[in-house]
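Enquirer: Okay, predicted coordinates and the sequence, questions at the end:
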Amino acid sequence: MLTTLLLLALSGQQAEPTPAPVKEKKICRVQETTGSRLASKRICKTQAEWDEIAANARNDVESTAGRLSTANGR
């Protein structure tokens, strides 16, 4: 009897639905090919991906500038 009541009580409980994963919004940019007026590509990425690309580009510029200044004796 007690087991039956426990089973009924547990079966009445429903697990909370998990929230749907949030899809990040894509941001599209047009990348033009140097030397051509017609060739261009549309590239779509999330804001986090664009931020990572910008950070990598900054790091590349800073490391190149650092190597150039040490090569010139500055």
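Expert: Sure thing, it's come through. This is a predicted model, so every value here is computed, not measured.
Enquirer: And the strands in this structure?
Expert: Along the chain, the segments classed as strands by DSSP state E run 26-32, 40-46.
Enquirer: okay, those strands, which one's buried deepest?
Expert: The highest average neighbour count among the strands of the chain, using mean count of other Cβ atoms under 10 Å, belongs to strand 40-46 at a mean of 12. All C-beta atoms are positioned from the backbone trio N, CA, C, and that covers glycine.
Enquirer: quick check: mean pLDDT across it?
Expert: Taken as a whole, strand 40-46 carries a mean pLDDT of 95.
Enquirer: Mind giving me the packing neighbours of it?
Expert: strand 26-32 (3 or more Cβ pairs under 8 Å, 6 or more residues apart in numbering; DSSP states H and E).
Enquirer: Show me what the strand it packs on is packed up against.
Expert: Under the contact criterion of 3+ Cβ pairs under 8 Å, 6+ apart, strand 26-32 touches strand 40-46, helix 47-71.
Enquirer: tell me the angle the last one makes with strand 40-46.
Expert: Right, helix 47-71. Interaxial angle of helix 47-71 relative to strand 40-46 (axes from the mean of the first three to the mean of the last three Cα atoms, to 10 degrees): 110 degrees.
Enquirer: Give me the angle between helix 47-71 and strand 26-32.
Expert: Using the same axes, to 10 degrees: helix 47-71 against strand 26-32 is 50 degrees.
Enquirer: contacting residues for Ile27?
Expert: Cys44, Lys45, Thr46, Gln47, Trp50 (Cβ atoms under 8 Å, 6 or more residues apart in numbering).
Enquirer: before we move on, what about Thr46?
Expert: By Cβ under 8 Å, 6+ apart, Thr46 lies in contact with Glu24, Lys25, Lys26, Ile27.
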